[in-house]
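J.: Generate a structure from the sequence data that follows.
(one chain, ligands or ions: 1)
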Amino acid sequence: MHLIKIKLISYLAFLFVLTSRLHAQNKNAVDQKTQLIIHVQLIDGTGKPAYSASVRMQGKKIIEVGQLKANTNEQVIDGKGLVLAPGFIDSHSHHFGDLDSHPEALPTNNQGITTIIIGQDGESFPMDTIAKRMKAQPMAINVGTYTGQASLREEVMGEKDVFRAATQTEIDKMKGLLKKELNKGSFGLSTGLEYEQAFFSTKDEVIQLAKVAAVAKTRYMSHIRSEDIRMTAAIDEIIEIGRVTKMPVQISHIKLGMKNDWGTAPQLIEKLEKARAAGINITADVYPYTYWNSTLRVLFPQRDYTNPVSAEFAVNQVFDANQSYLVKYAPIEAYRGKTIAAIAAMRNEKPSVTLMALIAIASDFKEKNPDFKGTIDAIAAKAMSEKDVASFIAWPHANICSDGNAGGHPRGHGTFTRILGKYVREDKIITLERAIYKMTGLSAKHLGIKDRGVIAVGNYADLVLFNPSTVKDNANIQDSRALSTGIEMVWINGQLTYKNQKATGNYPGVLIKR
Ligand SMILES: [Zn+2]
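T.: All right, here's what the predicted structure looks like:
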């Protein structure tokens, strides 16, 4: 009897210890530290007018929005009457390459970006590679990716053999690879049809791949085949891909890049609206600059880099030699930062002759330095009219993207703050709420992201606190890495990553899967 009693008591004691342990674990989960942001004008990313409210976060998520009182022991952040918005989503980014060495992600954080979507213009890393890199070096930015057609071509056809149409056998191999990537969480298929690695692919090749993306219920995103001389055909091609596949298609960094076409944004928009009215889900993203950034070779739409007639055409129609800067030039460092016109003057040549020479020197350099890593040449080419840029920014179906990287073009550091400073506050092209929608809720919709882009209960706590009366970009061609003004704090997945123009050292970014 005594023995049974002891056994019973120890059994009860064991039960007690067990249940209290379980209870403690539960309590821990419930008590997981909450943070409350008070005293802000909330712009929630849906386009709805700003209103005053508080936001409570717990762990990675937003758990309450409204008129909230602080709990005891809760961390309270005073927003001082500034604007709290969802963290900005950059639908077309080239920032990833710099993140291994600079995981604090200042180029993106300083402009309020919390998510970048990479794999654009047809060039991508496999999902597993991105996951591995983010695990090896955590980052202060969320990353999602499309799968690039050019990368698929390079893998299947070989890097040196992509300057032709693919065979059916090769297309079938690409389809298999694409399907695998989409199953791993890639957002869809991206193409960069203007670049040599994809320029020679037929419309049929693109459509066959796009159909694979459509079957997987994903999306198509394209730097279209031409942004100048064959623009009309290029727009027709993406509209047709949307019609045939019935999936959402997006024009990357929409622009009118040829002087003869300047001022025709309203006509292009009308054409896109007509396609939308016919049931094609076509959208665009756009960056707020009148100059693009790419290789010198893009200035030759016919890819005939030694043809003087084409060089003259480039100077007259495709870019402005007086306002276009060589931002990178590995062969001759002295040319970096100068306009093409200034380099031509140094060389005692016409700008068109200099243009051909610069391309020839660059390709010679590439041949002699096969191991050279990085960009050999890059030009920030003034090629658009301000009026067209503003029209595209105002188009209701265009979201904002940077197309930027860590250096080179100022868009890499200043795109989103430039929209808020110049296009909202100074030029009044769109309202603040509309602009935020175009950087958050609309972008998420265009990309198929469900739990980011809007400040709502259950969504991830990606947030940006900024001053609407001072926010502005400071990056320009001369100083492309200057940080923006007015972005006060940035949170990614509930953790503060940026404050007072400095990184906090937190690296909470995740790989976002479709
Ligand atoms: Zn592009």
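J.: how deep is Asp451 tucked in, by neighbour count?
T.: Residues near Asp451, counting by other C-beta atoms under 10 Å, number 14. For the C-beta atoms, the positions are set from N, CA and C on the backbone; glycine is no exception.
J.: Quick check, it in contact with Val457.
T.: No - between Asp451 and Val457 there is no contact, the gap being 10.9 Å when judged by C-beta atoms under 8 Å.
J.: Nearest spatial neighbour of Thr417, chain-adjacent residues omitted?
T.: The shortest distance from Thr417 to any non-neighbouring residue, by C-beta to C-beta, 6 or more residues apart in numbering, is to Ser484 (3.7 Å).
J.: For stretch 288-296, measure first residue to last.
T.: 21 Å (C-alpha to C-alpha, to the nearest Å).
J.: Does it reach the ion?
T.: No - for stretch 288-296 and the ion, the contact criterion (C-beta under 5 Å from the ion) is not met; the two come no nearer than 7.4 Å.
J.: I'd like the average pLDDT over that stretch.
T.: For stretch 288-296, the mean per-residue pLDDT is 93.
J.: how far out from the middle of the chain is it?
T.: Distance, stretch centre to chain centre, for stretch 288-296: 15 Å (C-alpha atoms, centre = their mean, to the nearest Å).
J.: and if you look at stretch 268-278?
T.: Its chain's C-alpha centre and that of stretch 268-278 lie 24 Å apart, by C-alpha atoms, centre = their mean.
J.: The helix or strand hosting Lys179: what's the following helix or strand?
T.: Using DSSP states H and E, Lys179 sits within helix 168-183. Next in sequence after helix 168-183, counting helices and strands by DSSP H and E, comes strand 188-192.
J.: tell me the contacts of the residue of the chain found nearest the ion?
T.: Here the chain gets closest to the ion at one residue, His223, 3.5 Å apart by C-beta to the ion. Applying C-beta atoms under 8 Å, 6 or more residues apart in numbering to His223 gives the contacts Gln120, Asp121, Gly122, Ser190, Thr191, Gly192, Leu193, Glu194, Tyr195, Ser252, His253.
J.: What residues does the protein have near the ion?
T.: Near the ion, the residues belonging to the chain are Asp121, His223 when assessed by C-beta under 5 Å from the ion.
J.: let's go with 6 Å and repeat that
T.: Neighbours of the ion within the chain, by C-beta under 6 Å from the ion: Asp121, Gly192, His223, Ser252, His253, Asp403.
J.: to the chain's geometric centre, what's the distance from the strand or helix carrying Pro107?
T.: Secondary-structure assignment from DSSP H and E places Pro107 in helix 106-109. How far helix 106-109 lies from its chain's middle: 12 Å, per C-alpha atoms, centre = their mean.
J.: and that helix, what's its mean pLDDT?
T.: Mean predicted lDDT for helix 106-109 stands at 98.
J.: For that helix, enumerate the helices and strands it packs against.
T.: On a contact count with 3 or more C-beta pairs under 8 Å, 6 or more residues apart in numbering; DSSP states H and E, helix 106-109 meets helix 411-418, strand 495-499.
J.: for the shortest one, packing partners?
T.: The one in question is strand 495-499. Short answer (3+ C-beta pairs under 8 Å, 6+ apart): strand 495-499 packs on helix 106-109, strand 487-492.
J.: one more time with 6 Å, if that's ok
T.: Using 3 or more C-beta pairs under 6 Å, 6 or more residues apart in numbering; DSSP states H and E, the elements in contact with strand 495-499 are strand 487-492.
J.: Just checking: what are the partner strands of the strand it packs on?
T.: strand 463-466 (antiparallel), strand 495-499 (antiparallel) (DSSP bridges).
J.: The stretch 51-200 of the chain: helices as residue ranges?
T.: Along the stretch 51-200 of the chain, counting by DSSP state H, counting those that start in this stretch, helices occupy 106-109, 127-136, 149-157, 168-183, 196-199.
J.: what's near enough to touch Leu326?
T.: Contact partners of Leu326, counting by C-beta atoms under 6 Å, 6 or more residues apart in numbering, are Tyr335, Lys338, Ile379.
J.: Just the ones of those residues in strands?
T.: Ile379 (DSSP state E).
J.: highest average neighbour count across the helices and strands packed on helix 106-109?
T.: Highest mean neighbour count among the helices and strands packed on helix 106-109 (mean count of other C-beta atoms under 10 Å): helix 411-418, with a mean of 28.
J.: Would you format the strands paired with strand 487-492 as CSV with mean pLDDT included?
T.: Listed next are those as CSV, based on pLDDT from 0 to 100:
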stretch, mean pLDDT
strand 463-466, 98
strand 495-499, 98
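J.: For His102, which of the ones you listed is the nearest?
T.: Closest to His102 of the strands paired with strand 487-492 is strand 495-499 (C-beta to C-beta; 12.8 Å).
J.: Which positions within stretch 213-222 qualify as buried?
T.: Buried residues in stretch 213-222, counted by 16 or more other C-beta atoms under 10 Å: Ala213, Ala214, Ala216, Thr218, Arg219, Tyr220, Met221, Ser222.
J.: hmm, back to that, what's next to the helix holding Lys179, contact-wise?
T.: Surrounding helix 168-183, the residues in contact under the criterion C-beta under 6 Å, 6+ apart are Met127, Thr147, Leu152, Val156, Met157, Glu205, Gln208, Leu209, Val212, Ala216, Thr218.
J.: again, only this time at 8 Å
T.: 124, 126-127, 147, 149, 152-153, 155-157, 166, 188-189, 205, 208-209, 212-213, 216, 218, 514.
J.: And those residues, which of them are buried?
T.: Buried residues within the contacts of helix 168-183, defined by neighbour count using 16+ other C-beta under 10 Å: 124, 126-127, 147, 149, 152-153, 156-157, 166, 188-189, 205, 208-209, 212-213, 216, 218, 514.
J.: quick one: average pLDDT of stretch 156-165?
T.: 94.
J.: May I see the buried residues of that stretch?
T.: Applying 16+ other C-beta under 10 Å to stretch 156-165 flags Val156, Met157, Val162 as buried.
J.: For it, output the C-alpha coordinates as CSV.
T.: The C-alpha atoms that make up stretch 156-165 are tabulated as CSV, following Å, rounded to 0.1, in the frame of the first residue of the first chain:
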residue,chain,number,x,y,z
VAL,A,156,20.9,23.9,-72.5
MET,A,157,22.6,25.3,-75.6
GLY,A,158,25.9,26.4,-74.0
GLU,A,159,26.9,29.9,-73.2
LYS,A,160,28.7,30.5,-76.6
ASP,A,161,26.0,28.9,-78.8
VAL,A,162,22.9,31.0,-77.9
PHE,A,163,23.1,33.4,-80.8
ARG,A,164,20.6,31.3,-82.9
ALA,A,165,17.1,29.8,-82.6
